[in-house]
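A.B. asks: dropping a prediction and its sequence here:
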Amino acid sequence: MSAFQYLLLGMEHTGTALVFSVICFVASLVGLVVVQKAIKEFGRASIIVFSVGIVMALSAILMTSFGAIGVWEDYSSGSYMRFKLPC
């Protein structure tokens, strides 16, 4: 729905969206084939659970790291570190 709203407001980048959609489609097919082969080879569906856990752990580590780096840069430069207005 939000993509339709972007089109109505004239804020579209259809070329970029098309490129990303093709890349995501191909990557999802490759991932599907790789996971199906791994499940067939090892005979365990827990590979999916482990891969989701790894992605979640990696994202938690990366989000914490980038947040800490941003706070350190604000602290060392002496910039405004209070809550920012949402608008």
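C.D. replies: Looks like it arrived, so ask away. Note that the structure is a prediction, hence the values are computed from the model and not measured. Numbering: from 1, shown residues only.
A.B. asks: what is the neighbour count of Ala38?
C.D. replies: Ala38 has 15 neighbours, counted by other C-beta atoms under 10 Å. Heads up, the C-betas are built off the backbone N, CA and C, glycines and all.
A.B. asks: distance-wise, check the residue found closest to it once you drop the neighbours it is linked to in the chain relative to Val26.
C.D. replies: Excluding the flanking residues, the one nearest Ala38 by C-beta to C-beta, 6 or more residues apart in numbering is Ile47, at 5.1 Å. Distance of Ile47 to Val26, computed by C-beta to C-beta, to the nearest Å: 21 Å.
A.B. asks: looking at the two, which one has more neighbours?
C.D. replies: Using other C-beta under 10 Å, the more surrounded residue of Ile47 and Val26 is Ile47, with 15 against 10.
A.B. asks: helices of this protein, start to end?
C.D. replies: Under the criterion DSSP state H, the chain contains helices at 2-9, 14-42, 46-77.
A.B. asks: rounded mean pLDDT for the last one, please.
C.D. replies: Put plainly, it is helix 46-77. Mean pLDDT, computed over helix 46-77, is 92.
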